[in-house]
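Asker: Take a look and give me a structure for this.
(2 chains)
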Amino acid sequence: AQKITQTQPGMFVQEKEAVTLDCTYDTSDQSYGLFWYKQPSSGEMIFLIYQGSYDEQNATEGRYSLNFQKARKSANLVISASQLGDSAMYFCAMRPNSGYSTLTFGKGTMLLVSP
Amino acid sequence: DAMVIQNPRYQVTQFGKPVTLSCSQTLNHNVMYWYQQKSSQAPKLLFHYYDKDFNNEADTPDNFQSRRPNTSFCFLDIRSPGLGDAAMYLCATSRDPGQGRQPQHFGDGTRLSIL
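Answerer: Just a heads-up that it's a prediction; the model follows:
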């Protein structure tokens, strides 16, 4: 079984600053994928970034980057130059790369960006 | 644009009155998922279809049923909604389950209220 832990229920950051959202995971699988999703108050889940367990480099997508430390089983999301529109709930999720598997989500972190 | 569309955006029903939520996709993905998300919680997978193969999560109540008449459409039927079923219901798709960096693509959700 997989488990995702997001220890920060809420985070505050000022506009234009960087913020790190923590995610640790537990799995016995050797091959897996880690995903981050953003959920604004309107409800839609927006895919942000993916990291594969065998990827040698940390994933980056625009202002989003993933600080992946495999030995520590952590996959923290870094948002650079925060914008007001980044205020949302952020979910970390993982999925084993085995024949038939589904996403396991963490409980989420609410990020509030202030002017 | 290829996408996942959920209708309606908001649904109000009476206690015990059957309700159907719909999801359609233009991505031609093999897998369609239904999640229930209660306030301030992570999405909880109810079931998913891989093509026509139906996969029910062990703890999904019998009150929840699903139909997938074709690749593009999937329905969530709640036979006798109770007050505890008030939630956001999210539909998602993916090309294949459990493989690689393919994320799940989510619709905007249907927010269900029970009177």
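Asker: Chain B contacts on chain A?
Answerer: A:33, A:35, A:37, A:42-47, A:50, A:52, A:91, A:95-103, A:105-108 (C-beta under 8 Å from any C-beta of the partner chain). Any C-beta I mention is one placed from the backbone N, CA and C, and that applies to glycine too.
Asker: Repeat the analysis, applying 7 Å as the threshold.
Answerer: Within chain A, the positions near chain B by C-beta under 7 Å from any C-beta of the partner chain are A:33, A:35, A:43-45, A:47, A:50, A:52, A:91, A:95-103, A:105-108.
Asker: A:T5: what's it in contact with?
Answerer: By C-beta atoms under 7 Å, 6 or more residues apart in numbering or on different chains, A:T5 lies in contact with A:T24, A:G106.
Asker: For residue 55, give me its contacts.
Answerer: Chain wasn't specified; assuming chain A. A:D55 touches nothing, counting by C-beta under 7 Å, 6+ apart.
Asker: that's the wrong chain, I meant chain B
Answerer: Listed by C-beta under 7 Å, 6+ apart, the contact set of B:N55 reads B:F47, B:H48.
Asker: CA atoms only: put the helix or strand harbouring it into CSV for me.
Answerer: Under the criterion of DSSP states H and E, B:N55 resides in strand B:53-56. Listed next in CSV are the C-alpha coordinates belonging to strand B:53-56 (Å, rounded to 0.1, in the frame of the first residue of the first chain):
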residue,chain,number,x,y,z
ASP,B,53,-13.9,-3.3,-17.2
PHE,B,54,-15.5,-1.9,-14.1
ASN,B,55,-13.3,-1.7,-10.9
ASN,B,56,-15.0,-0.9,-7.7
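Asker: Kind regards, and thank you for your time.
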